[in-house]
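Peer 1: Sequence plus predicted model, see below.
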Amino acid sequence: MFIMYFTERPYREVPEEEIIRSRSFFGTPNQYFDREVGARLYNEYLDEAVYAEELGFDGVMLNEHHGTPFCMGGVMDVEAAILARITRKVRIVLLGNPLPIVKNPVRLAEELATIDLISHGRLVPGWVRGAGSEQVFHNANPAYNREYFNEAHDLVLACWTRPGPFRWEGKHFTYRFVNPWTLPYQKPRPPIWIPGIISGETVTWCAERKYPYIGLGTSLHLTVDLWNLYGKVAAEHGYQAGSENFGYLQQVHLADTEEEAQEQGKAALFGGGGANFSRPEWTLPPGYNSKEANRRLFQSQSDYGFLGITSETLKRSREEESPEERARRRAEKRQADTRHRLARGEIGIEEAKAKILANYGKAQAGFQIIIGTPKSVLPKLKLIMEVLRPGVLGLFQAQGPLTKEQRLNSMRLMGQEILPELREYAKELGIVDPFEREPGSRPFVVGTKYEPLVDWEALKRAPKRDESIRV
Amino acid sequence: MAEWKEEVTRVAGTDLAIIKGGRGKPLLVLHEELGHPGWLNWHDALAEERTLIIPIQPGMGNSPRVDDIRTVHQLGLFYGWVLRDLGLAPIDVIGFSFGAWTAAEMATANAGQFRKMVLVAPMGIRPPEGEIMDIFCVTIGSQLNATVYDRDATPEFNSLYGGGERSASRMEAFEDARAETARLAWEPILNNPSLPYLLQGVRNLPVQLIWGREDRVVPVSAAAAYQKALANTEVRVAVFDHCGHRPEIEQREQFLKTVREFLA
C-alpha cells in the first residue's frame, strides 16, 4: 500500500470575513497577501514534506490552483523541483498539472522531466482539467477545455516517448521542432495517475489508458460506482483492474485528545471550506462541462445551487407555479439567505460563521473530514480501505488556520500511530499499490469471473453523506 | 400574432434551423449571444410588412455546431454562403449584439450581400470608454438582468426565452449558447481588433446604428467607434434614453420607427 501526505498549502492568514462576504476564496483581492507570511508558509510546507518522509510516508502529493488563498500551489512544479532535491525517498506525486491552462505542453514536458531527473525517478505526474476558476485566471477558453486537455496530454507523452526531432501540427498546438533534450529518468515514462471528483468520463478515460484513478474525498457510495465503471471498461480492454488501479484522498485531522481534535478541526470550515472554493459563475464557465454533464446536472435532483436551481425549484417549476408565486418565493428566499442578510447588515459576521460551523457535525458524520485521536480515526480509515480497497491512500492535512504545531502534531500522529496500522491492515486485505503490481498487467479472460473491486458488505456500514456539505 | 415556423434546412454543408415568419420582402435577423430570445412584439410588428428570416446560429438550439467555424469572421463567411445558396442576397439585415457583430464581419467580407444593415448594440469593437461586459464570468441570471436598464419598466423582459422558466431543457439551451459564444469569442473578449480597419473597406451599404444610452453590456461609446470605422459609407446613429442593451423591447416604438424609416 502506498500512503502519501497531502496539503493544499493554504495561505492561512487571510481575513475570513472577506471570503465569507464574497462567497469565494477565488478572487479574494491580493492586497491581503503579505510577502512575509507567504515566504514563511512556502518554507513551512517544504519542511512538512521533508517531515512526511521522515515519518515514513511513501509519497508527498502536491496540487495546483490559481488566484486563491485556498491553495498556494500556483506553480506546483517549482515546489516539486525543490522537493526532488531536498527529499531522498518519497515519491513526488503531482495531482495534477492542469493541462488545459498550460499554453506550452512542450515546456511542461521539459519541466517534469527535470524533476524526474533531479529526483532520480521519483516523480508521479498527473493531469487535471483544472477548476473552472483556473480557466478564468489563465484565460484558457473553457469551451475547448477537453480538447486542450487531450492534445496537451498526447503531446507531453510524445515528447517523452517519441524520438525527436518531430513536427507537431495539432488543432491547438503547433511546434515545428519537438526535440526536448531533457527526458525523464523513468522508462518508458513516469507512471501517470489521475485525480477526479465524480466524473464517469474521466474514469472511463483512465481505464482505457490503465491510469490509476485517485478519488478526491468523494462519497463512498458514489465512489464504488466509479470503481465498478473503471472495472467494466478495464475488462472491455482485456485486463483485470485491482487495488493497483485506485487511490483515495481523505481529509484528516488528529490531536492528542478528542476535545483538542474537535476544537482544532473546525479550522477545516474556515471561510466556508471547499463549498466556497469559488462562485458558481467561475466554477462552471461556458463550455467547461460537456453537454452530457450539463444534462445530468440540470436533470439531477441534487441541491446544486447553480443559478439558484435546486431540486425544490425544479419541482416547483414543473408544477406550473405562477409567476407571482415564483417571484414571492424568490424574494422570501433572498430575504432569508445568510449572505444577503449579511450584506444588508441584518446579521454580523459571527452569525454567518456560526451558520457555517453548524455543518461541522454533519461533515464528520459523512466522512467529508475525519477528526479525532488515532484511536477514533483508525476504524474510519479502515472502513474506507475495506470498502474501496485503494492501493494508494492520501492523508490530507486539514485546511484552515491551524497552527504550525497543530499541523506537525497531526502529522506525527499519522506517522507514528496510523501508518503502521494501515500498512498491516492493507496486507490483511490483500491490497497492493501500483508499484507492487503494474496497473493493467493482469489479463482478463472473457467468460471468467471478474474479481470484485469493492466490498459491498462493508459499504453497508459506511455512513451516507449529505452531498450539500463540502469541506 | 404573425405566423412563424422553424424548419431545419440542409445548407452550407450542415443542417441549419431557420425561423421564418411574416410577409413581404425578406429581412435577415441575426440573434444575440444567448440564442434566439423567442418571438417578441417587435418581431410581430415588423412581420406585418417583412418576412423575417432568423437562422439559429450553429451550435445553438436545433442547429448543430460546426467545428470548423472558429471565429466570428468565419461565422460571417458561413452566413454569406447560406444567403447565396438560399438565393437571399442581397438582403436587408438586422443584428443584435453578437449577431450585430456577425453582420458587421459579413459586411467586411462582402458588403454587396446586404442592401441595408441595422446594427443594434453590436459587440465586436472595444469601446473607447468602458468595457464590453464579460458575460462569460457571470451567471445567466446576472447577464440577462444586465441587458435592460429598468426591468420594472420593461414588461416584455419577462417574456424573454420562454418567460423565465428555468427548466432543464432551457438551461441546457442556454449553456449550449454560452459555450458556442465562448468558443468563438472568449479571446479577445467579445471583439475583433482587426474589425475597425476592415470596416473602412465597406462602401455603398447604408448602416443604421441603434444603441441604448445606459447599455451595460456594450457601452454606448462603442457607437462612435463604429461610426468612425464605417467612414466610407453612410451611417446613421440613434441613441435612445432610458434604454439598455435591448432597445427592441425597452423602447419598442422608437425602435420600430427608426428601423422602418431606415429600411423604407
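Peer 2: Yes, it's here.
Peer 1: Name the nearest residue to B:E3, ignoring sequence neighbours.
Peer 2: B:G21 (5.9 Å; C-beta to C-beta, 6 or more residues apart in numbering or on different chains). Any C-beta I mention is one placed from the backbone N, CA and C, and that applies to glycine too.
Peer 1: hmm, I was thinking of A:G348
Peer 2: Counting by C-beta to C-beta, 6+ apart, the residue nearest A:G348 is A:L342, at 7.9 Å.
Peer 1: What are the boundaries of the strands in the stretch 151-264 of chain B?
Peer 2: B:207-212, B:235-240 (DSSP state E, counting those that start in this stretch).
Peer 1: Pull out the buried residues from the last one.
Peer 2: Think strand B:235-240. B:V235, B:A238, B:F240 (16 or more other C-beta atoms under 10 Å in any protein chain shown).
Peer 1: Next: stretch A:442-457.
Peer 2: A:F444, A:L453, A:V454, A:D455.
Peer 1: My understanding was that B:H31 contacts B:A100; is that so?
Peer 2: No. With contact defined as C-beta atoms under 8 Å, B:H31 does not count as touching B:A100 (9.9 Å).
Peer 1: Pick out whichever of these two has more residues nearby.
Peer 2: Between B:H31 and B:A100, counting by other C-beta atoms under 10 Å in any protein chain shown, B:A100 is the more crowded of the two (27 against 24).
Peer 1: Now do the helices in chain B.
Peer 2: B:41-47, B:72-85, B:98-109, B:140-146, B:168-185, B:195-199, B:221-229, B:247-250, B:252-263 (DSSP state H).
Peer 1: Including mean pLDDT and distance to chain A, could those go into CSV?
Peer 2: Formatted as CSV, these follow (pLDDT from 0 to 100; distance: least, C-beta to the nearest C-beta, whole Å):
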stretch, mean pLDDT, distance to chain A
helix B:41-47, 98, 18
helix B:72-85, 98, 14
helix B:98-109, 98, 13
helix B:140-146, 93, 6
helix B:168-185, 94, 3
helix B:195-199, 98, 19
helix B:221-229, 98, 22
helix B:247-250, 98, 17
helix B:252-263, 98, 21
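Peer 1: Compare the strands of the stretch 151-264 of chain B and give me the one nearest chain A.
Peer 2: Of all those, strand B:207-212 sits nearest to chain A, with 23.9 Å by C-beta to the nearest C-beta.
Peer 1: Could you name the helices and strands sitting against the longest helix seen in chain A?
Peer 2: In chain A, assigned by DSSP H, the helix with the most residues is helix A:35-55. If contacts are counted by 3 or more C-beta pairs under 8 Å, 6 or more residues apart in numbering or on different chains; DSSP states H and E, helix A:35-55 sits against strand A:2-6, strand A:59-62, helix A:76-86, helix A:404-413.
Peer 1: can you tell which of those is closest to chain B?
Peer 2: Proximity to chain B, assessed across the helices and strands packed on helix A:35-55 by C-beta to the nearest C-beta, is greatest for helix A:76-86 (24.4 Å).
Peer 1: can you list contacts of the closest one?
Peer 2: Contact partners of helix A:76-86, identified using C-beta atoms under 8 Å, 6 or more residues apart in numbering or on different chains, comprise A:9, A:42, A:45-46, A:49-50, A:60, A:62-64, A:73, A:90, A:92, A:94, A:97, A:108, A:111-112, A:114-116, A:118-119, A:122-123.
Peer 1: Can you mark which positions in that helix are buried?
Peer 2: For helix A:76-86, the neighbour count (16+ other C-beta under 10 Å) marks A:M76, A:D77, A:E79, A:A80, A:A81, A:I82, A:L83, A:A84 as buried.
Peer 1: any chance of those in TSV, plus pLDDT?
Peer 2: Converted to TSV, the buried residues of helix A:76-86 look like this (pLDDT from 0 to 100):
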residue	pLDDT
A:M76	98
A:D77	98
A:E79	98
A:A80	98
A:A81	98
A:I82	98
A:L83	98
A:A84	98
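Peer 1: three-state assignment of A:Y211?
Peer 2: Three-state call for A:Y211 (DSSP: H, G, I helix; E, B strand; the rest coil): coil.
Peer 1: coming back round to it: and the residue nearest to A:G348, its phi and psi?
Peer 2: phi -60, psi -40 (degrees, to the nearest 10).
Peer 1: my read: it touches A:A352, true?
Peer 2: Yes. Taking contacts as C-beta under 8 Å, A:L342 lies within contact range of A:A352: 5.2 Å.
Peer 1: list residues touching both of these two?
Peer 2: Common neighbours of A:L342 and A:A352, using C-beta under 8 Å, 6+ apart, are A:I20.
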